[in-house]
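Chemist: Build the 3D model from these lines:
(2 chains)
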Amino acid sequence: MSYLNTTEVESAVTSLATAFPSACDLIDLPEPSVEGRAGHALRIGTAPAGTHDCVVLIGGVHAREWGSCEILVHLAADLLEAGTEGAGLAYGGKTYTAAQVRNVLDNLDVVVFPLVNPDGRHYSQTVDPMWRKNRNPANSGGDPSRIGVDINRNYDFLFDFATAFDPTAGVQVSDDPGDIQVYQGPSPFSEPETRNVRWLLDAFPRTRWFVDVHSYSEDMLFVWGDDENQSLDPAKNFRNTAFDGKRGVAGDLAYAEFIPKDDADDSTVLAEQFCKGLHGVRGRAYSPMSAFHLYPTSGTSDDYAYSRHIADPHKGKILGFTIEWGKSFHPPWSEMKRIVLDVDSGLVQFCLTALA
Amino acid sequence: MSTARQLLRVRVTAKDAETLRSLLREARPDVGGRPRQGEDGTFSIEAYASPEEAEALEREGVVVTTIEDATATGRARQAEVGEGDRFAPDDAVPRGLALKVKDA
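Modeler: Have a look, this model is predicted:
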């Protein structure tokens, strides 16, 4: 075994769809990457699509975080194989019964999109291992060092960060195409990769949970990422321009992002249960926390997913999460296999908690 | 085609939280993970920087220590990436890493 190359991630997804036709559907993402690579996802579930609530899992967003794709491919394979055999799943010291696996397959749509950024992964695995962004040259002016957009800053959430945030906030985003890591792109959803993720959320309107798999810091993050959470003052929210220039400062009284208490509690419980399911494998202790505690951000997927129902009441509410697995971007494959077991166990527990 | 920049993985340790926040705000290094508080009250975070950028992170109240050559490590990991397509044969299907177990 070894890390999957870009071709193999796609091939794995299509192979699973062929091997388990009664338990999953192959989803063709509508937009190819800038370099022409097609994207595919799997909908896993025994009921017809749309019968049940849906959890959307994405990975391979940041190119250098290779193991995110393997985490999702192996999760899909585990669920499909165990479901077909009537078996349970054992991840190290944590076991899920056959009935629990069947519960996930029969009562949930699990949508798995393991490789959002195929061009970036290919470049990272063959040229520059530390590459993070996609490979879109549109804003580079012909300068190879200015290629690419950080996909996880390209969603429509507080995109105008210079207006929204306090100048001292240190928000981790940039409007400079020369920024090698966190260039947000010229406009929200300027990139085919983010448009594919948005399309998935639109195509599965019963999506209630969204998880974006990243590395690293051994954390399970939930919304919000722009400031600390509070559930007392609804006026302090990302749409209220009265608080422009005040967001993103830790420990101040000027601003904290509103989240209804029920959503805050549900998010916390789901994150805690993920960490509990993960801990049972070999004792790794991931921390559940709001994303702001990693660092302040704008334009991220988890905040966008949750903000959709606020920006447009016709859209369903989606609780958004980001996993930060491991302690380095490129662990040896021997260690990455253990991390796959850790995180996949956490994700099975996450699904069971969502169903409860 | 461009080649890889040489990046070091470094630990940036500041005497207190405000010093670290200030450094992150001003220098905007490429960070990995999140800040951690040491038992001695210092705050640290991992960052990725060229040798010159790493040196420039040094300042009053800040210590920068090199953990590894991240680019060299990444290149070594590139040797652990599959070649070809292991799932190309019709009967080749990904197997998850969990054990499939029958209930007791």
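Chemist: show me where chain B has helices.
Modeler: Per DSSP state H, chain B carries helices over the ranges B:17-27, B:51-57, B:70-78.
Chemist: Identify whichever of those lies nearest to chain A.
Modeler: Nearest to chain A among these is helix B:70-78 (2.4 Å), distances taken as CB to the nearest CB. The C-beta positions use only the backbone N, C-alpha and C, and glycine is treated the same way.
Chemist: mind listing what's buried in that closest one?
Modeler: For helix B:70-78, the neighbour count (16 or more other CB atoms under 10 Å in any protein chain shown) marks B:70-71, B:73-74, B:77-78 as buried.
Chemist: Model confidence for the residue nearest the centre of chain B, exactly?
Modeler: Among the residues of chain B, the one closest to the centroid is residue B:32, at 4.8 Å (CA atoms, centre = their mean). Per-residue pLDDT puts residue B:32 at 91.
Chemist: can you give me the helices in the stretch 101-250 of chain A?
Modeler: In the stretch 101-250 of chain A, the helices defined using DSSP state H, counting those that start in this stretch lie at A:118-126, A:161-164, A:192-203.
Chemist: Export those as TSV, with columns for distance to chain B.
Modeler: As requested, the helices of the stretch 101-250 of chain A are arranged in TSV below (distance: least, CB to the nearest CB, whole Å):
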stretch	distance to chain B
helix A:118-126	5
helix A:161-164	13
helix A:192-203	20
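Chemist: mind putting those in JSON lines, mean pLDDT and mean neighbour count included?
Modeler: Formatted as JSON lines, the helices of the stretch 101-250 of chain A follow (pLDDT from 0 to 100; neighbours: other CB atoms under 10 Å in any protein chain shown):
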{"stretch": "helix A:118-126", "mean pLDDT": "98", "mean neighbour count": "25"}
{"stretch": "helix A:161-164", "mean pLDDT": "98", "mean neighbour count": "17"}
{"stretch": "helix A:192-203", "mean pLDDT": "98", "mean neighbour count": "21"}
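Chemist: Mind putting these into TSV with distance to residue A:183?
Modeler: What follows is the helices of the stretch 101-250 of chain A, written out as TSV (distance: least, CB to CB, whole Å):
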stretch	distance to residue A:183
helix A:118-126	13
helix A:161-164	12
helix A:192-203	13
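Chemist: Tell me how many other residues crowd residue A:264.
Modeler: 19 (other CB atoms under 10 Å in any protein chain shown).
Chemist: and it, what does it touch?
Modeler: A:229, A:231 (CB atoms under 8 Å, 6 or more residues apart in numbering or on different chains).
Chemist: What helix or strand is it located in?
Modeler: Using DSSP states H and E, residue A:264 sits in helix A:261-282.
Chemist: moving C-terminal of that helix, what's the next helix or strand?
Modeler: That would be, after helix A:261-282 and using DSSP H and E, strand A:287-290.
Chemist: For the next helix or strand after that following strand, give the mean pLDDT please.
Modeler: Counting by DSSP H and E, the next helix or strand C-terminal to strand A:287-290 is helix A:301-311. For helix A:301-311, mean pLDDT is 98.
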